[in-house]
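Visitor: A structural model of the following input is requested.
(8 chains)
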Protein chains: 8
Amino acid sequence: MKKPIVAIMMGSDSDLKVMGEAGAILKKFDVPYEIKVLSAHRTPEETIKYAKSAGAKGIKVIIAGAGGAAHLAGVVAAHALIPVIGVPLETEHLGGIDSLLSTVQMPSGVPVGCMAIGSSGAKNAALFALGILSLSDKKIYSGLEKYRNKLTNSVLAKNKR
Amino acid sequence: MKKPIVAIMMGSDSDLKVMGEAGAILKKFDVPYEIKVLSAHRTPEETIKYAKSAGAKGIKVIIAGAGGAAHLAGVVAAHALIPVIGVPLETEHLGGIDSLLSTVQMPSGVPVGCMAIGSSGAKNAALFALGILSLSDKKIYSGLEKYRNKLTNSVLAKNKR
Amino acid sequence: MKKPIVAIMMGSDSDLKVMGEAGAILKKFDVPYEIKVLSAHRTPEETIKYAKSAGAKGIKVIIAGAGGAAHLAGVVAAHALIPVIGVPLETEHLGGIDSLLSTVQMPSGVPVGCMAIGSSGAKNAALFALGILSLSDKKIYSGLEKYRNKLTNSVLAKNKR
Amino acid sequence: MKKPIVAIMMGSDSDLKVMGEAGAILKKFDVPYEIKVLSAHRTPEETIKYAKSAGAKGIKVIIAGAGGAAHLAGVVAAHALIPVIGVPLETEHLGGIDSLLSTVQMPSGVPVGCMAIGSSGAKNAALFALGILSLSDKKIYSGLEKYRNKLTNSVLAKNKR
Amino acid sequence: MKKPIVAIMMGSDSDLKVMGEAGAILKKFDVPYEIKVLSAHRTPEETIKYAKSAGAKGIKVIIAGAGGAAHLAGVVAAHALIPVIGVPLETEHLGGIDSLLSTVQMPSGVPVGCMAIGSSGAKNAALFALGILSLSDKKIYSGLEKYRNKLTNSVLAKNKR
Amino acid sequence: MKKPIVAIMMGSDSDLKVMGEAGAILKKFDVPYEIKVLSAHRTPEETIKYAKSAGAKGIKVIIAGAGGAAHLAGVVAAHALIPVIGVPLETEHLGGIDSLLSTVQMPSGVPVGCMAIGSSGAKNAALFALGILSLSDKKIYSGLEKYRNKLTNSVLAKNKR
Amino acid sequence: MKKPIVAIMMGSDSDLKVMGEAGAILKKFDVPYEIKVLSAHRTPEETIKYAKSAGAKGIKVIIAGAGGAAHLAGVVAAHALIPVIGVPLETEHLGGIDSLLSTVQMPSGVPVGCMAIGSSGAKNAALFALGILSLSDKKIYSGLEKYRNKLTNSVLAKNKR
Amino acid sequence: MKKPIVAIMMGSDSDLKVMGEAGAILKKFDVPYEIKVLSAHRTPEETIKYAKSAGAKGIKVIIAGAGGAAHLAGVVAAHALIPVIGVPLETEHLGGIDSLLSTVQMPSGVPVGCMAIGSSGAKNAALFALGILSLSDKKIYSGLEKYRNKLTNSVLAKNKR
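Guide: Numbers count the residues shown, from 1 in each chain, chains lettered A, B, ... in the order given. The predicted structure follows:
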């Protein structure tokens, strides 16, 4: 079994349904990843310990999904230099605009690459991570080409019908 | 010189102008406080170290002001059990609605008492801290009574004019 | 039976489902509380009478939940010096952003400590009240430590799985 | 000097510049009014006392302007049965959307007739009050007819140019 | 059968469920009213004709409910001098914030008294109309006193339980 | 002098600065237009009369700019069958989001083609009108081609620098 | 079978339910149209190829519906000079305000005529296209007159009931 | 002179002031970059040609800044597989919330890593690009470590004062 090179973090296992869509895409590309249920607010020390050590362990990209006052991606980015991708999750009352603003409006110096709210964001987080990895991995790059072509062809097929 | 019992935290010294209004009120009440320029994103370790040790050092209430993806109050609350009051600061592009949602929409388990955006919030953070301290300090309580009466009388005086 | 030291106020008994979550947490901590169904708009005089007398009766913290043009916490805070915690409740049409802004945007001089919208906010209101009470009650403080540890451990257990 | 039949209330004398535009219109119509600087939060008892007694004193319509967590119109409406018109005032950080939602989203049972944010709202509050008074005062009604015609003609004159 | 003195207008009969709540309250107060299904956009001429003639026919207050680009209340107010109360109706996609802004943000010169979004707004529109009518009708005034007392007592009864 | 085929309507001559940008573009294309200062709320009858007669007079497209509860384009569209283009104008307090929602959220049956807020919207309204006219006027079509090429070339020139 | 003169574009066949309402109206008017499932993001080249060639093929108006970061109408407008009508589609988390702003806030130089969010917008897109076509097609113009009269009469019939 | 490995794209040279902050950071790290003034709407073909060829030319990351209906990053991402970072720029009327939603709410399949609105976003775009490049370039990685330490120390120095 290969060592994970992508980490998918989320604050609660109830986020697994959405964030699992990121995992499913990485799996298709045979990219080893690990899932971490760690919360910026409920397990801050373990979150930080993980963020600080992930790079040295071989993780190249971290995907972090959180909702509401969504601090997970920002807290992780504050303790890591490898790219951190944030996925703002839907919230019960405000639809996720709170998660989005808490994830994207980072101060200069500590970047987070923010995706769309919810499952589109989770899937795109995996694809963005693959785009990063593809810079030094031709197999992933040609996998992305095929993925994009398939996407295009599936729309074109619908267009014909 | 007395040991501080309130901490006023902010992520940047440019926030001092607004957050200093909290200090000015505490000073009027002779409540010793300390100001900490520590950022959830730029100095995460020092922020956390401070949050974890503040209670033991004698701090009873922490006031934390931040803007944008305003994680300071939440990160401090994740590492402290004493009351944490959040002040969402104005932002250049969105007026502070981003700061407000990032501060107030905390997940259950880790509370932050959020004030209004900007200087009204900073002043009220001090008054709220004084309200907490007044539960076990009669001098502060009677100070608050006088403050509130003065507020009332100043409006009534304007009403007469 | 012990005298209540926390009050949980709400404008309608339909708010009881959400605000009851605050009571459930206080109960776990053996903190006596009373529930008051009083509205800023429908029973203004009784609301004010209660707000003015609560402190003298032994109430140390007031939690007030309301929705829409959510004036309850603000009106109570205008008549009381003890800490008032506001819980903005969900609304049918705007999700609760109206409740949030009506609760949090208080003018300087009359602070309300605002929580998140809905049931996360109700639970955190109780925890914030406990944080305040813990400043002079070691049993509550160690209760909060245990609560926080349990929260941490429950996330860590999910992380393992 | 005639007894006032309209009251213009505001929480602070800094609101006088905007709310004075309501007074200017009432003056043009020779409708006696009084200005009250009373705040829902800073002078709650005097505000309520005024709201409760205004009708008996001869006031027929109350105009109340406030900003932020704008509770003034709602608090007055809770203590009065005569029509209460709310004017949401501009706020420094959110433009007045907070004032608007706090004024307009009243629960059923206690109505407030809400106007536009800021000075358009203040002027229209006076005109709306005049519309109410005109139901039993033909002079005011024909004054409104003239006002509306003048408005129309001033636009038509600009159209010609 | 008495001549109507209040008109309840709406753009579509699908709005009847919500706007009918205004009628139900007027009925309780024995205030004769008529319902008009007329749209600012789909039947503009009939809408305007009605708005222009309503006052002369004996209508004293017009209640107008509309959703989306909710122009009904504003268009009616442009053609009538009697008080026009606007009820912003819920919309499928934006919850009614579009209806609210289209109804409340009237330019100076043509006032609309705006209520809350949806059924609270519809009920309050009727109560506000009754408040206006009560200025010259003691029976309605004492009816409103009873209504308000009942409201208060119903909350107090729930408080006891 | 040629008969106008486009009308530019606005509620107030203070809108002329922004709406004049539409006129400047039409002038460049030698398309005759007329400017009408007519308000949905202040001169409703003249507005409607104009809207109803414009088509027969030879007007082919109407451009209508308004702010706040921006009903002008909708009211015109309710009385005309020729294409109506709406330009939501900036507002003092809400930036123009109120104008945008009041203009764009039209009910089915009465379409308005809405442009961006402010001067970009005014310019594009003229270009959109030209696009419509170009369907039966080759000179305008080739004018648009040149305009678009110039736009492209001006960006490309900047790119080179 | 007649050559299509209107194109209805959408990014996914899941949008067909809403966008099909535009087609249904065109069909009633016997206006030939074609449906294109082409995405600005997933089939960019085919989208652009279509946009560039549509005019020469005889298409006179393009209707483009998209949701989220809704770039379809804008991308098509960047490659076509014939009128492009945008329909912002509902989104899962933000109701469609994201689609609306992405569609309507076009930079000056490249206009899109934006409709309301969702199915009202889709229907109105067809009616707006018909309004454009009616400028040079009397049959369509008289069809629109009938459609509008039917709309009016259907409301008036409901008003009678 | 080294071949550029990062591209900074923007729709107008007026965006250069903000987007130039990204360039300034890349320069400090001795990372060669090129600036492209190309617009999704005004120079669509050149934009697409550039997006399609950038990877083969040696560009590893594209940064794209745009405002309003901000399609630039999305259009580029639709034609490129290398990572695309979006910077939503401030807009005159809505502060940039329109740019943010147009940039971040991408459909699944075509990811854009979105930064904060305005100059914080531009700076972080460069840092995020550096984070990506640092995965295979130790010099950049240690540069980022120094940059982060400097950031930390500058806050700590302010804290001491």
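
Visitor: where does chain A have low pLDDT?
Guide: Along chain A, the model assigns pLDDT under 70 to residues A:1.

Visitor: change it to 90
Guide: Scanning chain A for pLDDT under 90 picks out A:1-2, A:158-161.

Visitor: list the buried residues in the lengthiest helix in it.
Guide: Longest among the helix segments of chain A by residue count, using DSSP state H, is helix A:138-160. Across helix A:138-160, burial judged by 16 or more other CB atoms under 10 Å in any protein chain shown covers A:140-141, A:143-144, A:147-148, A:151-152, A:155, A:158-159. Any C-beta I mention is one placed from the backbone N, CA and C, and that applies to glycine too.

Visitor: ok, residues contacting that helix?
Guide: Residues from elsewhere that reach helix A:138-160, judged by CB atoms under 8 Å, 6 or more residues apart in numbering or on different chains: A:29, A:31, A:127, A:130-131, A:133-135, G:11-13, G:36-39, G:42-43, G:46, H:81, H:109.

Visitor: again, but for stretch A:42-58
Guide: For stretch A:42-58, the surrounding residues in contact (CB under 8 Å, 6+ apart) are A:3-5, A:7, A:9, A:11, A:36, A:38-40, A:62, A:72, A:75-82, B:44, B:48, B:75, B:78-79, B:107, B:109-110, C:151-152, C:154-156, C:159.

Visitor: let's go with 6 Å and repeat that
Guide: A:3, A:7, A:38, A:40, A:76, A:79-80, A:82, B:78-79, B:109, C:151-152, C:155 (CB atoms under 6 Å, 6 or more residues apart in numbering or on different chains).

Visitor: restricted to strands, list the residues you listed.
Guide: Of the contacts of stretch A:42-58, the ones assigned to strands by DSSP state E are residue A:7.

Visitor: go ahead and flag the most central residue of chain A.
Guide: Chain A has residue A:63 as the residue nearest its centroid, 2.7 Å off, counting by CA atoms, centre = their mean.

Visitor: what residues does chain A put near chain G?
Guide: Contacts of chain A with chain G, taken as CB under 6 Å from any CB of the partner chain, map to A:90, A:95-96, A:117-118, A:151-152, A:155-156, A:158-159.

Visitor: report how many residues lie close to the nearest residue to residue A:116 once chain neighbours are set aside.
Guide: Nearest non-adjacent residue to residue A:116, counting by CB to CB, 6 or more residues apart in numbering or on different chains: residue H:105, 4.8 Å away. Residue H:105 has 29 neighbouring residues, counting by other CB atoms under 10 Å in any protein chain shown.

Visitor: again with the one 3 residues further on
Guide: Residues contacting residue H:108 under the criterion other CB under 10 Å number 22.

Visitor: hang on, it packs against residue A:123?
Guide: Yes: the criterion here is CB atoms under 6 Å, and residue H:108 meets it with residue A:123 at 4.1 Å.

Visitor: what about residue A:152, distance to residue C:13?
Guide: Note on residue A:152: its distance to residue C:13, by CB to CB, to the nearest Å, is 57 Å.

Visitor: what do you get for residue A:85?
Guide: For residue A:85, the distance to residue C:13 - CB to CB - is 45 Å.

Visitor: ok, those two, which is more surrounded?
Guide: A count of neighbours by other CB under 10 Å puts residue A:85 above the other of residue A:85 and residue C:13, at 31 against 16.

Visitor: and whatever helix or strand that one lives in, which strands flank it?
Guide: Here residue A:85 sits within strand A:84-89, counting by DSSP states H and E. Looking at strand A:84-89 with DSSP bridges, its partner strands are strand A:61-67 (parallel), strand A:113-114 (parallel).

Visitor: out of the ones you listed, which comes closest to residue C:68?
Guide: Proximity to residue C:68, assessed across those by CB to CB, is greatest for strand A:61-67 (23.8 Å).

Visitor: in chain A, which residue sits nearest chain H?
Guide: residue A:113 (2.9 Å; CB to the nearest CB).

Visitor: now do the contacts for that residue.
Guide: By CB under 6 Å, 6+ apart, the neighbours of residue A:113 are A:85, H:113, H:128.

Visitor: where do the helices sit along chain A?
Guide: Using DSSP H, helices in chain A cover A:16-28, A:44-57, A:72-78, A:97-104, A:119-134, A:138-160.

Visitor: close to chain H, is the third one?
Guide: It refers to helix A:72-78. No: counting by CB under 6 Å from any CB, chain H has no neighbours in helix A:72-78; the shortest distance is 9.0 Å.

Visitor: what residues are up against residue A:2?
Guide: So residue A:2 contacts residue A:32 (CB under 6 Å, 6+ apart).

Visitor: residue of chain A with the smallest distance to chain F?
Guide: residue A:97 (14.1 Å).

Visitor: tell me the contacts of that residue?
Guide: Residue A:97 touches nothing, counting by CB under 6 Å, 6+ apart.

Visitor: let's go with 7 Å and repeat that
Guide: Residues in contact with residue A:97 (CB atoms under 7 Å, 6 or more residues apart in numbering or on different chains) are residue G:94.

Visitor: check contacts around residue A:78.
Guide: A:110, B:40-41, B:44.

Visitor: give me the neighbour count for residue A:24.
Guide: 11.

Visitor: list phi and psi for the closest residue in space to residue A:121 that isn't next to it in sequence.
Guide: Leaving aside its sequence neighbours, residue A:121 sits nearest to residue A:115 (CB to CB, 6+ apart; 3.5 Å). Residue A:115 adopts backbone torsions of phi -100, psi -180, taken as degrees, to the nearest 10.

Visitor: right, and residue A:115 touches residue A:84 too?
Guide: No: the criterion here is CB atoms under 7 Å, and residue A:115 misses it with residue A:84 at 11.4 Å.
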